[in-house]
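In: I'll drop the sequence and a predicted model, then ask my questions.
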Amino acid sequence: MKSAYDLAWREHLLLKLSNISVHSILLGWFKSFLSQRICKARYEGCYSKYKILRTGLPQGSVSSCLFFNLYINDLIAKFGRLVGVECLLYANDLVLWTETPKYHTK
């Protein structure tokens with residue numbers, strides 16, 4: 001999943017956390033942790049202006065892996081409904097596979 005952490009929709013993650021009964025105090029801390037993130041770019045000694053990040057999870061944060069797993073955890077159930085499709089999910093790696101009978105030709 002290319003740029004998976006950068007494109008995570010924070011509001012949807014917070015909704016998912018609320019739906020699994022994360023306590024409101026902890027949910028408030030998560031919301032505070034994820035909001036008002038800013039960045040700026042540097043190129044050959046020149047810096048851009050600060051930009052507010054509206055999507056994504058903090059890179060390098062220990063909690064980002066947990067947040068991302070919670071964010072995409074329902075993919076297993078959705079792909080599991082497809083007949084004959086198996087899947088495994090680990091961090092941001094998703095593997096899908098299926099089997100087909102081997103046909104013998106003469």
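Out: That came through fine.

In: which residues touch Ala8?
Out: Neighbouring residues of Ala8 by Cβ atoms under 8 Å, 6 or more residues apart in numbering: Thr55, Gly56, Leu57, Phe67, Phe68, Tyr71. All C-beta atoms are positioned from the backbone trio N, CA, C, and that covers glycine.

In: Would you mind stating the distance between Ser63 and Arg10?
Out: Ser63 sits 13 Å away from Arg10, taking Cβ to Cβ, to the nearest Å as the criterion.

In: Which one's more surrounded, the two?
Out: Neighbours of Ser63 and Arg10, each counted by other Cβ atoms under 10 Å, are more numerous for Arg10; the result is 20 against 12.

In: Next one: Val22, what pLDDT does it get?
Out: Note on Val22: pLDDT of 85.

In: Same check on the one 5 residues further on?
Out: If you check Leu27, the pLDDT there is 89.

In: Return the set of buried residues in the helix or strand hosting it.
Out: Element membership of Leu27, judged by DSSP states H and E, is helix 24-34. Using 16 or more other Cβ atoms under 10 Å as the test for burial, helix 24-34 gives Phe30, Phe33, Leu34.

In: what's the next secondary structure element after it?
Out: Moving toward the C-terminus from helix 24-34, the next element (DSSP H and E) is strand 37-39.

In: Adjacent strands (with direction) for that next one?
Out: Using DSSP bridges, strand 37-39 pairs in its sheet with strand 51-53 (antiparallel).

In: and the next helix or strand after the partner strand, what does it pack onto?
Out: Counting by DSSP H and E, the next helix or strand C-terminal to strand 51-53 is helix 62-72. Judged by 3 or more Cβ pairs under 8 Å, 6 or more residues apart in numbering; DSSP states H and E, helix 62-72 is in contact with helix 4-7, helix 10-19, helix 24-34.

In: Just give me how far stretch 51-69 sits from the chain centre.
Out: Taking Cα atoms, centre = their mean, to the nearest Å, one finds the center of stretch 51-69 at 8 Å from the center of the full chain.
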